[in-house]
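Predicted model follows, preceded by the sequence.
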Amino acid sequence: MEAILIQAFNGLSLGSILLLIALGLAITFGLMKVINMAHGELIMIGAYTTYVMQTIFTQYMPAGLFDLYFILAIPCAFIVAALVGMLLEYTVIRHLYGRPLDSLLATFGVGLILQQTARSIFGAPNVGIVSPSFLEGGMNVFGMTVPVTRIFIIGLVVVCLLILAFYLYKTNSGRRTRAVMQNREMASCVGISTRRVDITTFAIGAGIAGVAGAILTLIGPIGPAIGTYYIVDAFMVVVVGGVGMLVGTVVSAFGVGVMNTLFEYWTDASMGKVLIFVLIVLFLQWRPSGLFSLRTRSLD
Amino acid sequence: MKKGKKTEHTRLIAGFIGLVCFLLMLTACGDGGEAASDQAEAQMHPSETGEEVNIDESEQIPVGILHSLSGTMAMSETSVYEAEMLAIKEINEAGGVLGKELVPIVEDGASEPNIFSERAAKLLQQDEVDVIFGGWTSASRKAMLPVVEDNNGLLFYPVQYEGMEASPNIFYAGAAPNQQIVPAVDWLLENEGTEFFLLGSDYVFPRVANQIIKAQLEENGAALVDEQYTPLGHTDYNTVISRIRESEPEVIFNTLNGDSNVAFFKQLADAGITSDDVTVLSVSVAEEEIRGIGADVLAGHYASWNYYQTTDTPENEEFVAKYKEAYGDDRVTGDPIEAGYFMVHLWAQAVEAAGTTEVDAVREAAAIEFNAPGGPVVIDSDNQHVYKTVRIGEVGEDGQFTEVWNSDEPVKPDPFLEEYDWASDISGTLAGE
């Protein structure tokens, strides 16, 4: 019984991580239809921002305040990644709207440039992060010990999701975003500045990738190439969930997370990965547009 | 109308900026070309690879350097490359080899075995080097093996590996299994427990290493509680940790490679499993990797190598000082870095002894001794591996190792484990491939 509970929790935890890395992409790819291969590198930027914050705190701040670095690192990672995202949108992507294959190649190139830049600034080897003390150790939940880090990640993902949903569905700029993404010409006719919406939306997507990077420092490596580990998973979750649907991304992240953990438990890590992809291939045969799809009257 | 003009205007500016960037890149490449011919400069510019180098044969000897300077292995291989450059610089400052200056020709293997084989062919055929220092993963070595054999070149390989190989064209400067894995298992059985959990990345080295370990455990009547492999670059170890909890091993023998180690150790510590609960011994975690994982989660666990930055020899004190002087005070040395450094010196001395860089003559003359930072090393002329001292170290809070056991004297390399009866099946099946 306990083993099942722990595996269920592990699945939930993996799902939350998948959701975090896919959430930014759900916006840039899902809503804006930009195949952003540099998404992984935006995650990397968030991770390195956290590292820089840690370095600043160890060098210039009293030791008692050290734990605060991580709290500050999350908004900083959002801002830095969002700024890089804005720059990327302004210099490259805005010239390539409606040309998915070109943007795929261009952003892939940008990703390589960002990787090499990180390598030149921080060096090729991985850098280390010391977890803040309030995230160390385990917690007792229903008679099983679970790492505090994992609970923190699940909580943070829920918060990110709520903020994003509130923004998209309850605020004026969020409504404008959805309007532009659904019908660009019509939105522009009623006086919405599509340029401004494009750049803000892309920046938000990039910023969320940065937050994901900051969080991933708690459980994974921090190096110039970490983006490559997460990019496939991120696309997988968005595609399975249905492009353009936030709720689809959520369901698919937890679905894939739980299934992957189960398969891995029944077989092993390599085989688990194979089985999850077999399942996805079969699923996409049955529902090519993913779990949820946006019904529109437009002719694609 | 006005709007149209404005877009055109911004487009022009964007185009102009693009052009400037392009020109800047061109000049950077141009600098690289000059730097390659200028010895001191070339050593400070790790990224300029693939440049045309003009060799004056009466004054200079070209040597090939082939490591991954980009891609997932760059994190480990860059440091080895730097150690080799340091050794070349030292040799040149001391008057070169046979009175000639060594000119390194640097190629990037880009973490792809097929690029390693292509670049190795380029170095041997186009640049006409006699020796290549390079490689890290077994896959990269196996990709270069047929190329050096066909072109009769020499490859010096700096990393511990799974054994079961002895090419006449390769010198293996890293540990063979009997110089790292086998003594580590013996030491664990004696000191830490008899219930083993084997965890490795899913590729050739961990699978062969675990085959050896399993045979050895069986021979000693020890128990194997579980054996798990994860893909390279795997980052979620929750399920593996659940298995560790369930099977309650006394020892985890860790052959994970690369970034996965970071994820595994962080998540193990998060799950509240410390070195008091279970001992982890790693064979691919050196000082450099500890910096990326964080010493706090590794403290109390063990590693098996032939050299540590803390190894107490006069040669090592000098080596660490030189390495830090060249590449920065915050840098650390480690076993593959030391191997990269001494193998260049070994080759240079063999060339001096042979009086030529010609491959067959160098091979004949190669059975020489060198006082490496990790203790004296000798090339074994039977299999072209190196006699090395085995050392087991415990990770401290500062990220440095404290040696807890060593083999007292350099151990004879035995890549096919011929000395061990229990290994006869393994060497039989694998050597036949």
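Ah, there it is.

Name the residues of the stretch 1-150 of chain A found near chain B, please.
By CB under 8 Å from any CB of the partner chain, the residues of the stretch 1-150 of chain A that approach chain B are A:3, A:6-7, A:10, A:13-14, A:17, A:91, A:116, A:119-120, A:123-131, A:136-138, A:145, A:147-150. C-betas here are computed from N, CA, C, even on glycine.

From those, list the buried ones, please.
A:6-7, A:10, A:13-14, A:17, A:119, A:123-131, A:136, A:138, A:147-150 (16 or more other CB atoms under 10 Å in any protein chain shown).

Cross these against strands and list the overlap.
Among those, DSSP state E puts A:138, A:147 in strands.

Would you mind listing where chain A has pLDDT under the threshold?
A:1, A:294-300 (pLDDT under 70).

got a list of what the residue in it positioned nearest to chain B touches?
Scanning chain A for proximity to chain B using CB to the nearest CB identifies residue A:126 as nearest, at 2.8 Å. By CB atoms under 8 Å, 6 or more residues apart in numbering or on different chains, the contact set of residue A:126 is A:221-223, B:75, B:259, B:262, B:289, B:291-293.

Backbone dihedrals for the residue nearest to residue B:69 when sequence neighbours are not counted, please?
Using CB to CB, 6 or more residues apart in numbering or on different chains and skipping residues adjacent in sequence, the residue nearest residue B:69 is residue B:108, 4.4 Å away. For residue B:108, the backbone dihedrals (degrees, to the nearest 10) come out as phi -100, psi 120.

in the sheet, who's paired with residue B:108?
Applying DSSP bridges to residue B:108 gives these bridge partners: residue B:67.

My read is that it contacts residue B:67, right?
Yes - contact criterion CB atoms under 8 Å: residue B:108 and residue B:67 qualify, at 7.5 Å.

neighbour-wise, which of these two wins?
Between residue B:108 and residue B:67, counting by other CB atoms under 10 Å in any protein chain shown, residue B:67 is the more crowded of the two (31 against 24).

show me what contacts the more buried one?
Applying CB under 8 Å, 6+ apart to residue B:67 gives the contacts B:77-78, B:80-81, B:108-109, B:134-136.

List, one by one, the residues from the stretch 151-300 of chain A near chain B.
Contacts of the stretch 151-300 of chain A with chain B, taken as CB under 8 Å from any CB, map to A:216, A:218-226, A:228-230, A:261, A:264-265, A:268-270, A:272-273.

Please identify the helix or strand for the residue in the stretch 151-300 of chain B that chain A sits nearest to.
Using CB to the nearest CB, the single residue of the stretch 151-300 of chain B nearest to chain A is residue B:292, 2.8 Å away. If you go by DSSP states H and E, residue B:292 is part of helix B:287-293.

buried set for the helix or strand just after that helix?
Next helix or strand after helix B:287-293 toward the C-terminus (DSSP H and E): helix B:295-298. The neighbour-count check on helix B:295-298 (16+ other CB under 10 Å) flags B:295, B:297-298 as buried.

swap in stretch B:234-246?
The neighbour-count check on stretch B:234-246 (16+ other CB under 10 Å) flags B:234-245 as buried.

Now for these: which two are most distant?
Using CB to CB, the two most remote members of those are B:235 and B:245, lying 19.5 Å apart.

Quick check: the residue of the stretch 151-300 of chain B closest to chain A touching residue A:224?
No - contact criterion CB under 8 Å: residue B:292 and residue A:224 do not qualify, at 11.4 Å.

rewinding a little: show me which of the buried residues of helix B:295-298 neighbour chain A.
Contacts with chain A within those, counted by CB under 8 Å from any CB: residue B:295.

Please produce TSV containing the buried residues of helix B:295-298, extended by distance to residue B:331 and pLDDT.
Output for those, formatted as TSV (distance: CB to CB, whole Å; pLDDT from 0 to 100):
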residue	distance to residue B:331	pLDDT
B:295	15	87
B:297	21	88
B:298	18	91
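
who's in contact with residue A:110?
Residue A:110 touches A:37-38, A:41, A:88, A:92, counting by CB under 8 Å, 6+ apart.

how about those residues, which pair is most distant?
A:41 and A:92 (12.8 Å).

more crowded one of these two?
residue A:41 (32 against 18).

what about that one, is that helix, strand or coil?
The three-state label for residue A:41, taken from DSSP: H, G, I helix; E, B strand; the rest coil, comes out as helix.

now residue B:342, nearest residue through space, not along the chain?
Per CB to CB, 6+ apart, closest to residue B:342 is residue B:372, 3.8 Å.

check contacts around residue B:127.
B:53, B:55, B:62, B:64, B:105.

Any idea which of the residues you listed the model trusts least?
pLDDT across these is lowest for residue B:53, at 67.

Isn't residue B:255 up against residue B:200?
Yes - Residue B:255 is in contact with residue B:200 according to CB under 8 Å; the separation is 3.7 Å.

Find residues that contact each of the two.
With CB under 8 Å, 6+ apart as the test, residue B:255 and residue B:200 both reach B:206, B:209-210.

Identify, from those residues, the entry nearest to residue B:148.
Ranked by distance to residue B:148 (CB to CB), the shared contacts of residue B:255 and residue B:200 are led by residue B:209 at 24.1 Å.

Which of the helices or strands spans the closest one?
helix B:204-219.

Show me which positions of that helix end up buried.
B:204-217.

Next: stretch B:394-406.
By 16+ other CB under 10 Å, the buried positions in stretch B:394-406 come out as B:394-395, B:399-401, B:405.

again, but for stretch A:96-114
Buried residues in stretch A:96-114, counted by 16+ other CB under 10 Å: A:96-97, A:103, A:106-108, A:110-111, A:114.

mind putting the residues you listed in CSV, secondary structure and distance to residue A:284 included?
Compiled in CSV, those are given as follows (DSSP: H, G, I helix; E, B strand; the rest coil; distance: CB to CB, whole Å):
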residue, secondary structure, distance to residue A:284
A:96, helix, 26
A:97, coil, 26
A:103, helix, 22
A:106, helix, 26
A:107, helix, 23
A:108, helix, 23
A:110, helix, 28
A:111, helix, 25
A:114, helix, 30
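
Output the shared contacts of residue B:255 and residue B:200 in a markdown table, with pLDDT and distance to residue A:161 appended to each entry.
Formatted as a markdown table, the shared contacts of residue B:255 and residue B:200 follow (pLDDT from 0 to 100; distance: CB to CB, whole Å):
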| residue | pLDDT | distance to residue A:161 |
| --- | --- | --- |
| B:206 | 90 | 38 |
| B:209 | 90 | 43 |
| B:210 | 93 | 42 |
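
pLDDT weak spots in chain B?
In chain B (pLDDT under 70), the answer is B:1-53, B:427-433.

Only the buried residues of the host helix or strand of residue A:80, if you could.
Element membership of residue A:80 [criterion: DSSP H and E] is helix A:68-91. Under the neighbour-count criterion of 16+ other CB under 10 Å, helix A:68-91 has A:69-70, A:73-74, A:76-78, A:80-82, A:84-86, A:88-90 buried.

do stretch B:328-341 as well
In stretch B:328-341, counting by 16+ other CB under 10 Å, buried: B:331-341.
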